[in-house]
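Asks: got a structure for you, letters missing:
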């Protein structure tokens, strides 16, 4: 088991967003989290990387144990973050850095990797996401799809054990979604462990190994993706999937 | 207007401009920027107690006239045993005064940087300080650049107030020349023209700087 969280609760301004979420992730899992907006899926993902700190519950990340009822130590947060990566809905590339520098930043600054080694690795990753020719461009000079692919290269740079994707294609124009999904499919194929909050049902169905349906702060249903989509058990899941079909 | 007086006094007025007004401006503004960045970061990072101190400092300095501050430090402090020479006194007051204004500019600029930049820094494994230093602060400086330059141009002109605490800068020099030749209109317009010249040069530097800094913005 790479990651296991139990009974995660989170309240924002008296709003009980997460009401006891359990999840266990094995190496190589690709988990899709779907659900209506406001269901808490993004908050849950952010809790996994401490961008929000859960109020209650436990996390075991490999050899590290965290109890959210107590104050989480900065060193634990920093250690776990260094072994994970996060891809944001709106990319959040560093505006003042080129594509290449965006990829090398976490290596050179946070991990003290030699600059030449970092540049070489970053170029290889930009190549992988098809953007080697854009290495010296600033984020403002790239399309949304290109920015998100740079963000994925940035996430890969630090050899994370798990990558969290927060609706990675939701901010993209429809014609740019494919290029990002293709990169993600490639990663899944290579065995990267991924947790993906998404509205792309095809991605969930075809690429992810497991799908989780969240609604109103709880996990309503989860299961092996193909089964999940072909034979949903819960009424709420059926209603949600039906509603999406109509769109 | 007396052209002969104008020509005769031009270099005499310009010289203290080059040797006093400009160095006074450059040194004071550099110190002011250090004060401003520290004061703004204290507030941005929400550090208890220090934050209250920062607010008090800005409130006090912005709420009192620069000329009064100069008088307090130069004429007032000696009565409690602290005597500071005119030029150091001017530098202290100008940097503390300008620092308070620029701190507010910097605070606003820091707060305008999207939170996602900081979060992205965390997620690639950088610490708060690393992310502030490498990502947030450079972007904030870019945002604040025009306002900061505005403050710099103001300061060039405000150094004329130092003539009131015996600093022989351009204004003081002009007054002394006028005391001899009684050509107030010519001489004061002349010194105005030299200030205008300095400001114009700074405006060009600002444009050049903005162009340099805009490399990462939309083309």
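Replies: Nice, I can see it. Source: prediction; values computed, not measured.

Asks: I'd say residue A:19 and residue A:217 touch.
Replies: Yes. With contact defined as C-beta atoms under 8 Å, residue A:19 and residue A:217 form a contacting pair (4.0 Å). Just so you know, the C-beta spots here come from the backbone N, C-alpha and C atoms, and that holds for glycine as well.

Asks: which one of these two has more residues nearby?
Replies: residue A:217 (23 against 15; other C-beta atoms under 10 Å in any protein chain shown).

Asks: do a quick rundown of the helices in the chain.
Replies: Assuming you mean chain A. According to DSSP state H, chain A carries its helices in the segments A:41-48, A:74-82, A:99-105, A:115-128, A:144-157, A:174-189, A:201-206, A:225-230, A:235-246.

Asks: let me rephrase: I mean chain B.
Replies: Taking DSSP H as the test, the helices found in chain B are B:3-16, B:22-44, B:50-62, B:66-71, B:86-112, B:115-123, B:128-131, B:137-158, B:170-181, B:184-213.

Asks: pull the contacting residues for the residue in chain A that chain B sits nearest to.
Replies: In chain A, the residue that lies nearest chain B is residue A:106 (3.0 Å; C-beta to the nearest C-beta). Contact analysis of residue A:106 by C-beta atoms under 8 Å, 6 or more residues apart in numbering or on different chains lists A:154, A:157-158, B:124-126.

Asks: per-residue confidence for the closest residue to it other than its chain neighbours?
Replies: Spatial nearest neighbour of residue A:106, chain neighbours left out: residue B:124 (3.0 Å); criterion: C-beta to C-beta, 6 or more residues apart in numbering or on different chains. For residue B:124, the pLDDT comes out at 96.

Asks: quick check on residue B:124: phi, psi?
Replies: phi -90, psi 10 (degrees, to the nearest 10).

Asks: for it, give its distance to residue A:51.
Replies: Distance, residue B:124 to residue A:51, by C-beta to C-beta, to the nearest Å: 13 Å.

Asks: more neighbours: which of those two?
Replies: When neighbours are counted by other C-beta under 10 Å, residue B:124 and residue A:51 differ, and residue B:124 comes out ahead with 28 against 21.

Asks: returning to what we had before: among the helices of chain B, which is nearest chain A?
Replies: The minimum distance between chain A and the helices of chain B falls on helix B:115-123, with 3.8 Å, by C-beta to the nearest C-beta.

Asks: flag every buried residue along that closest one.
Replies: Residues of helix B:115-123 classed as buried under the neighbour-count rule (16 or more other C-beta atoms under 10 Å in any protein chain shown) are B:116-123.

Asks: of those residues, list those near chain A.
Replies: Residues of the buried residues of helix B:115-123 in contact with chain A (C-beta under 8 Å from any C-beta of the partner chain): B:116-117, B:119-123.

Asks: list the contacts of residue B:190.
Replies: B:6, B:9-10, B:13, B:174.

Asks: for residue B:69, same thing?
Replies: With contact set as C-beta under 8 Å, 6+ apart, residue B:69 has these partners: B:61, B:93, B:96-97.

Asks: again with residue A:111
Replies: A:82, A:158, B:125.

Asks: nearest residue to residue A:80 other than its sequence neighbours?
Replies: In space, residue A:80 comes closest to residue A:61 once its chain neighbours are excluded; the distance is 5.1 Å by C-beta to C-beta, 6+ apart.

Asks: what's near enough to touch the one you found?
Replies: Contacts of residue A:61 by C-beta under 8 Å, 6+ apart are A:2-3, A:80, A:83.

Asks: could you do residue A:139 as well?
Replies: By C-beta under 8 Å, 6+ apart, residue A:139 lies in contact with A:91, A:93-95, A:97, A:99, A:102, A:147, A:150, B:216.

Asks: do you know how far the residue in chain B that chain A sits nearest to is from residue B:200?
Replies: Across chain B, no residue is closer to chain A than residue B:124, which sits at 3.0 Å (C-beta to the nearest C-beta). Separation of residue B:124 from residue B:200 (C-beta to C-beta): 44 Å.

Asks: centroid-nearest residue for chain B?
Replies: For chain B, residue B:29 is the residue whose C-alpha lies nearest the centre (C-alpha atoms, centre = their mean; 4.0 Å).

Asks: does it touch residue B:152 like I think?
Replies: Yes. Counting by C-beta under 8 Å, residue B:29 touches residue B:152, with 5.4 Å between them.

Asks: those residues of chain A touching chain B, which are they?
Replies: Proximity of chain A to chain B, by C-beta under 8 Å from any C-beta, involves residues A:49-51, A:78, A:81-82, A:84-86, A:88, A:90, A:92-97, A:105-106, A:109-111, A:138-141, A:154-155, A:157-158.

Asks: now, of those, which are buried?
Replies: Neighbour-count burial (16+ other C-beta under 10 Å) is assigned, among the residues of chain A next to chain B, to A:49-51, A:81-82, A:84-86, A:88, A:90, A:92-97, A:105-106, A:109-110, A:138-139, A:141, A:154-155, A:157-158.

Asks: low-confidence ranges, chain A, go.
Replies: Low-confidence segments of chain A (pLDDT under 70): A:247.

Asks: check chain B too.
Replies: In chain B (pLDDT under 70), the answer is B:218-219.

Asks: for chain A, what are the nearby residues on it?
Replies: Neighbours of chain A within chain B, by C-beta under 8 Å from any C-beta: B:114, B:116-117, B:119-127, B:130, B:134-135, B:138-139, B:142, B:215-219.

Asks: the closest residue to residue A:122 other than its chain neighbours: neighbouring residues, count only.
Replies: Spatial nearest neighbour of residue A:122, chain neighbours left out: residue A:103 (3.7 Å); criterion: C-beta to C-beta, 6+ apart. Using other C-beta under 10 Å, residue A:103 is surrounded by 32 other residues.

Asks: surely residue A:103 and residue A:151 touch.
Replies: No. Contact status for residue A:103 versus residue A:151: not in contact, 9.3 Å apart, counting by C-beta under 8 Å.

Asks: fine by me, thanks again.
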